[in-house]
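Q: Quick check, what structure comes out for this input:
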Amino acid sequence: MGSAAWHARIACGDEVGAGFLVTGRRVLTCAHVVRCRDRAAVTVTFPHARELGELSATVVRHGGWAGEVTDPGDMAVLELDVADDLPLAPARFAPPDTVYTEPYPRLVAYGFPLGYDEGTLAEYQAVSGQLIAGEWLELVAWHGHGQPIVEGFSGAAVTLPDGRVAGMVTAALGTSPDVRKGRMLPLDVLARYWPELGELVPAPGLDDDVRQRLYALLRRATAEGGGRCDPNRLYVDAVGPFGPPLPAGGFPSLWHAAGYVRWEVPDPDAARRFTGRLGELLDGGTALRTPTVLHAAAPQAPPAFPAAPAPAPQVFLPAPDAPAWSPVVVEIDHSGAGPDQVTVEVSAYRDGRRRPVGARRLPRTGVRAYVQNRIDEAVAHLAPDADELVAFVLPREWLNEAVAQWECGADDSTPLGCAYPLVVTDRARHHSGRLRHQLRKKWQKLDTGGGAEVHRVECGTRERPPSLRKRLWDGDAGLAGFAAPPTVARRHFEVGLNVPVPILLWPRTGTPCAVHEDAPCPDTARPDAPCPGTVFLDQLGAAVAGVPPAELPRHVLSLRLTAEAAEEPGGHWASDLQLLWDDPRCFPETTASLHSPVA
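A: Residues are numbered from 1 along each chain as shown. Got it, this is the predicted structure:
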């Protein structure tokens, strides 16, 4: 302790407390120590280095403490107003769990109570590893006598016998002869409020070089703006399918996600995976797709000590012909509870497996808001480098629903179809074993060629449905374009759904010359006007020529963005374009409903 020149005395108006130097210019203390009234200056002195004199400081980080003793976030980071780093070695840190590892060690705090401007010591130990309100560890006096924790100890480093810091004193709980207790913020909680502190704190199972690389990457990501480094998706990728779920609301930054992985996830490999993925993304490459390791059963919570060796893992590799898309699936079905009631299930597919996000029975009017609230949450479950695809699996009478026009959320008016590659598919054929098998074979052929030919179903066609069925089969159709929506050409549209044509496109709104099935064309009211349905098919054919079928969702996203940006709203031919895109390889397993339809 004699060489610990990093202990600091903090003064702010009438308030006096302690602190400790953590870098060449930064000091950690309690927020309530620097709650200066009348904007009084914050000054810092180092009793073991009096030659430095009294230094002024500025609060550069605040834990959000609201003013009461029991309010969380009672920490602040001070920046010393000096030109160069101080000629003092900063504090060294211990792994957070050393405070409550049996036998509990003696802890020492260096504080500045009234009458002790040079400082004095108090000896304590932790009561338990149990956090109080998820925030504090309780301390109890090492002996029944000696210096109690009183005013002036707030912000003091709690040190082990070897001088390493294990936490920070925040409050006294009693100063009577019978009650000598206090509270401290452990290092992992301090890092929750100041994530940069995590770089200085070791943790069991995480090598120093990995820790240093992680925080170097975090600084780099901050400097570069983050790029594709979504903190929620990186977290889910790092913890694996059976790790702790994504916290409600997700993470505001990569720093917070990294801290959560380090301090809240018991698997030390999660931090290594997080570091590796982050590095790959920042280097501009595609993150490595490691096999997903699945155990026979996922424990509800990680045990402190395993009772028996874990079962041998099974390794599932992605199917060799699996497409690059990672779907977020919104499946809607009739609930059986009434004509207006439907069940909505939202899931994310990752590593060939379906991850449920939420399911609920709703009236039809409540579907849009529920989906808006769940899609972002589902996207967070995808791999960091995944190409997301939003797929609506709809009852047949919903296929013309304007889901691409639904807004992303209450605070984001961007249409979903302009934020994600978005497709629809028919629920009946999505669950048809025959059609799934036939569609897989069709995609094997489509993957070997270039763009798919548009098999046109003209506006007001007089072609009989059986003839259309034979034409699509004989032509080995991969893409069918309809000049009118399903409500207009119902029987022809059903043929397209029941034949293994992977891709159907149509204008969601009707056309003047095709107000009902088998209507004459062109428009008799304007004999010289071109048929809107024919114009649509001509434009469609030109737009998709040469585009690989597997890339059509991304291409249609581009078309929707172009239509949305057009000067005349709704005037672009693709403004109401609906894409049914059905690749069973994106959905390798069909699971039962998450809820009973009448629950």
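
Q: ok, and what's touching the strand or helix carrying residue 220?
A: In this assignment (DSSP states H and E), residue 220 forms part of helix 208-224. Helix 208-224 is contacted by residues 195-196, 198-199, 202-203, 227, 229, 254-255, 258, 271-272, 274-275, 278-279, 282 when judged by C-beta atoms under 8 Å, 6 or more residues apart in numbering. Quick note: C-beta positions are derived from backbone N, CA and C, even for glycine.

Q: Check the residues you listed for burial and list the buried ones.
A: 195-196, 198-199, 202-203, 229, 254-255, 258, 271-272, 274-275, 278-279, 282 (16 or more other C-beta atoms under 10 Å).

Q: Can you flag which of these belong to helices?
A: 254-255, 258, 271-272, 274-275, 278-279, 282 (DSSP state H).

Q: Reformat those as a markdown table; add pLDDT and distance to residue 361.
A: Formatted as a markdown table, those follow (pLDDT from 0 to 100; distance: C-beta to C-beta, whole Å):
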| residue | pLDDT | distance to residue 361 |
| --- | --- | --- |
| 254 | 90 | 37 |
| 255 | 91 | 39 |
| 258 | 92 | 38 |
| 271 | 92 | 40 |
| 272 | 91 | 42 |
| 274 | 92 | 37 |
| 275 | 92 | 42 |
| 278 | 90 | 40 |
| 279 | 90 | 44 |
| 282 | 86 | 43 |
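
Q: Check the residues you listed and tell me the two furthest apart.
A: Comparing all pairs in these by C-beta to C-beta, the longest separation belongs to 255 and 272, at 17.5 Å.

Q: who touches residue 457 in this structure?
A: Taking C-beta under 8 Å, 6+ apart as the criterion, residue 457 is in contact with 463, 468, 480-483, 489, 492, 496.

Q: and the gap between the nearest residue to residue 363 once chain neighbours are set aside and residue 106?
A: Excluding its sequence neighbours, the residue lying closest to residue 363 (C-beta to C-beta, 6 or more residues apart in numbering) is residue 340, at 5.1 Å. From residue 340 across to residue 106, the span is 68 Å (C-beta to C-beta, to the nearest Å).

Q: cool, and residue 441?
A: 72 Å.

Q: Could you pull out the strands in the stretch 101-250 of the chain for me?
A: 107-111, 120-126, 137-141, 157-159, 165-176, 179-186 (DSSP state E, counting those that start in this stretch).

Q: Name the stretch among those strands that sits most buried.
A: strand 157-159 (a mean of 28; mean count of other C-beta atoms under 10 Å).

Q: ok so, going back, hey, least reliable of the strands of the stretch 101-250 of the chain by pLDDT?
A: Confidence, taken as mean pLDDT, is least for strand 165-176 of those (a mean of 81).

Q: now the angle from that one to strand 179-186?
A: 160 degrees (axes from the mean of the first three to the mean of the last three C-alpha atoms, to 10 degrees).

Q: follow-up on the earlier one: okay, residue 441 and residue 106: which has more neighbours?
A: Using other C-beta atoms under 10 Å as the criterion, residue 441 and residue 106 rank with residue 106 on top: 13 against 10.

Q: Quick check: phi and psi at that one.
A: The phi/psi pair for residue 106 (degrees, to the nearest 10) reads phi -70, psi 130.

Q: Give the full set of residues in contact with the nearest residue to it once chain neighbours are set aside.
A: Excluding its sequence neighbours, the residue lying closest to residue 106 (C-beta to C-beta, 6+ apart) is residue 142, at 5.4 Å. Contact partners of residue 142, counting by C-beta under 8 Å, 6+ apart, are 106-107, 123-125.

Q: And for residue 111?
A: Shown in contact with residue 111 (C-beta under 8 Å, 6+ apart): 17-18, 119-122, 149-150, 152-154, 156, 169.

Q: sec struct for residue 347, please.
A: Secondary structure, DSSP: H, G, I helix; E, B strand; the rest coil: residue 347 is strand.

Q: OK, contacts around it?
A: 328-329, 331, 354-357, 378.

Q: Kindly recompute the last result at 7 Å.
A: Neighbour list for residue 347: 329, 354-357, 378 [criterion: C-beta atoms under 7 Å, 6 or more residues apart in numbering].

Q: Could you pick out the buried ones from the residues you listed?
A: Neighbour-count burial (16+ other C-beta under 10 Å) applied to the contacts of residue 347 gives 329, 354-355, 357, 378.

Q: Which ones among those residues lie within strands?
A: Of the buried ones among the contacts of residue 347, the ones assigned to strands by DSSP state E are 329, 354-355, 357.

Q: Now do residue 85 against residue 198, distance only.
A: Distance from residue 85 to residue 198, by C-beta to C-beta: 20 Å.

Q: end-to-end on stretch 117-131?
A: One end of stretch 117-131 sits 32 Å from the other (C-alpha to C-alpha, to the nearest Å).

Q: actually stretch 245-257, not the one I wrote
A: End-to-end distance for stretch 245-257, by C-alpha to C-alpha: 12 Å.

Q: Only the buried residues of that stretch, if you could.
A: By neighbour count on 16+ other C-beta under 10 Å, the buried set for stretch 245-257 is 246, 250-251, 254-257.

Q: And the furthest pair within the residues you listed?
A: 246 and 255 (16.2 Å).

Q: could you list every residue that touches the closest residue to residue 184 other than its chain neighbours?
A: Nearest residue to residue 184, sequence neighbours excluded (C-beta to C-beta, 6+ apart): residue 167, at 4.1 Å. If a contact means C-beta under 7 Å, 6+ apart, then residue 167 has 99, 137, 158, 184-187 as its contacts.

Q: Same question for residue 478.
A: With contacts defined as C-beta under 7 Å, 6+ apart, residue 478 is in contact with 442, 446, 452, 501-503, 549.

Q: Buried ones among those?
A: Here, 16+ other C-beta under 10 Å leaves 442, 446, 452, 501-503, 549 buried among the contacts of residue 478.

Q: how much space between the closest residue to residue 264 other than its chain neighbours and residue 388?
A: Spatial nearest neighbour of residue 264, excluding adjacent residues (C-beta to C-beta, 6+ apart): residue 244 at 6.5 Å. Computed as C-beta to C-beta, the residue 244 to residue 388 distance reads 22 Å.

Q: With neighbour numbers in mind, choose between these two.
A: Shown here are residue 244 and residue 388; by other C-beta under 10 Å, residue 388 has more neighbours (20 against 17).

Q: give me the element that one is part of.
A: For residue 388, the host element (DSSP H and E) is strand 387-394.

Q: in its sheet, what does that strand sit against?
A: strand 325-334 (parallel), strand 422-426 (parallel) (DSSP bridges).

Q: List of residues touching the host helix or strand of residue 262?
A: Using DSSP H and E, residue 262 sits within helix 254-264. With contact meaning C-beta under 7 Å, 6+ apart, helix 254-264 is reached by 188, 191-192, 195, 198, 203, 214, 218, 221, 226, 229, 231, 234-235, 238, 244, 251, 270-271, 274.

Q: before we move on, what about stretch 180-197?
A: Against stretch 180-197 from outside (C-beta under 7 Å, 6+ apart): 22, 61, 63, 73, 75, 77, 93, 96, 99, 124, 135-141, 148-149, 158, 166-174, 198, 201, 255-256, 258-259, 263.

Q: What is the burial count for residue 217?
A: By the criterion of other C-beta under 10 Å, residue 217 has 22 neighbours.

Q: Report the separation between it and residue 261.
A: Using C-beta to C-beta, residue 217 is found at 13 Å from residue 261.

Q: which residue packs closest to the residue most central in space within the chain, ignoring adjacent ones?
A: Nearest residue to the geometric centre of the chain (C-alpha atoms, centre = their mean): residue 232, 2.1 Å. Here the nearest residue to residue 232 in space, its sequence neighbours aside, is residue 380; by C-beta to C-beta, 6+ apart that works out to 3.5 Å.

Q: tell me the contacts of that neighbour?
A: For residue 380, the contact set (C-beta under 7 Å, 6+ apart) comprises 232-233, 236, 246, 250.

Q: Make CSV out of those residues and add distance to residue 419.
A: Conversion of these to CSV gives the following (distance: C-beta to C-beta, whole Å):
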residue, distance to residue 419
232, 16
233, 16
236, 20
246, 20
250, 17
